[in-house]
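Q: this one's sequence-less:
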């Protein structure tokens, strides 16, 4: 999966360079420092379901908030890689990988949370096949309503909890990936075959 994603990314970069040249890439690199301006707009923090935004809304300075967001990124990345390469229930690992993509960036918006539907689908399929663990279904329900509820809560109270709903999904997925199926429960289907192309 990682190899094919890397190859696809490199092919898309090569295609964009071939079609448009280097100008868009140079403009992108030139604008990177200006993106920090987005982090300094308090009204935007309510719309960003990240740990960074939660910390900023709680009164943390930029340096502390971005440091803690980076620490979270490292932990999520390490746990995801460890779980992915360890093996286990494929659907739970896929859900964990998708949840991890939402936990890592300091800047994302609620429309990025469409990915939660994929995470919930993977976990629901895994739960129906391998039985539910205590609390799993509650976390899935909370995560399903978190984009709307989190936005309303942040707009009305200044408290951004969207990241924590996703972190709970991540934890459920990791636990399910590490736990063997109970006696008599169906096993996940085999992992998709890797193509040699």
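A: Everything's here; your move. On a predicted model such as this, the values are computed, not experimentally measured, just so you know. Residues are numbered from 1 along each chain as shown.

Q: in stretch 163-174, what's buried?
A: Neighbour-count burial for stretch 163-174, counted by 16 or more other CB atoms under 10 Å, picks out 163-170, 172-174. Glycine gets a C-beta too; all of them are placed from N, C-alpha and C.

Q: Tell me the confidence at residue 32?
A: What the model reports for residue 32 is a pLDDT of 80.

Q: now do the same end-to-end measure for stretch 38-58.
A: Using CA to CA, to the nearest Å, one end of stretch 38-58 lies 17 Å from the other.

Q: follow-up on the earlier one: save the buried residues of stretch 163-174 as TSV, and put in secondary structure, pLDDT and distance to residue 49 too.
A: Listed next are the buried residues of stretch 163-174 as TSV, based on DSSP: H, G, I helix; E, B strand; the rest coil; pLDDT from 0 to 100; distance: CB to CB, whole Å:
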residue	secondary structure	pLDDT	distance to residue 49
163	helix	89	5
164	helix	91	9
165	helix	91	8
166	helix	93	7
167	helix	94	11
168	helix	94	13
169	helix	95	12
170	helix	96	13
172	helix	95	17
173	helix	95	17
174	helix	94	20
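
Q: what ranges of this protein fall below the confidence cut-off?
A: In the predicted model of the chain, residues 1, 181-197 satisfy pLDDT under 70.
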